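[1] Predicted model and sequence follow; I will ask about them next.
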Amino acid sequence: MNNALNLTRYVLCGLLGLISILYFVVAYGEYSDWMELLDFGINSESTEKIVEITLFLVSSLIYIGLIVWILKVKLSQKFPYIICILASAVLISIYVASRTIGVPIVGTEFYIGRLDWISKIVQVLIIGLSGFILYKKSKQTYPNLRTK
């Protein structure tokens, strides 16, 4: 069972690396858009672009930190897996809010691109694998726990 959990842990780290790369790409795209707007003399979007770039860069760095943490503690702690679930759920929630009710500073976005879909699918997989690892770890910790 530990071999399957270790494999799951490595797949999770791969997905965390993928989402980190995706967010770096999106941050670069937002930066490029911002520079283009500034070239045309449009400064009104600066605050929005800075917030978006910061969100994507910080998210990338958090996911990289989670990779390091998970590789370091292996399966001995449950907290990095809980943080994976929370971070991904928060980012999905922010995304949904930005496409429906709007979020402060950014407002409501109407464009839904390929990277948006890919990143949300990867985040759902991160939530699922993290939950699976937590579930299997609880079964190993409490083997006689009966669930009805």
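    Nice, I can see it.

[2] SS state for the most centrally placed residue in the chain?
    Compute the mean C-alpha point of the chain, and by CA atoms, centre = their mean the closest residue is S88, 4.2 Å away. Per DSSP: H, G, I helix; E, B strand; the rest coil, the secondary structure class of S88 is helix.

[3] The closest residue in space to it that isn't next to it in sequence sits in which helix or strand?
    Closest residue in space to S88, ignoring its immediate chain neighbours: Q123 at 4.0 Å, by CB to CB, 6 or more residues apart in numbering. (C-beta placed from N, C-alpha, C; glycine too.) Per DSSP states H and E: Q123 is located in helix 114-141.

[4] I118: how many residues sit nearby?
    A count of nearby residues for I118, using other CB atoms under 10 Å, gives 13.

[5] and the gap between the closest residue to it other than its chain neighbours and Q140?
    The shortest distance from I118 to any non-neighbouring residue, by CB to CB, 6+ apart, is to L22 (6.5 Å). L22 sits 32 Å away from Q140, going by CB to CB, to the nearest Å.

[6] Between these two, point out the one with more neighbours.
    Each of L22 and Q140 has its neighbours counted (other CB under 10 Å); L22 has more, 20 against 11.

[7] I believe the more buried one is in a helix; please confirm or correct that.
    Yes - using three-state DSSP, the assignment for L22 is a helix.

[8] on that earlier part again, got a list of what the residue nearest to I118 touches?
    Applying CB atoms under 8 Å, 6 or more residues apart in numbering to L22 gives the contacts L115, I118, S119, V122.
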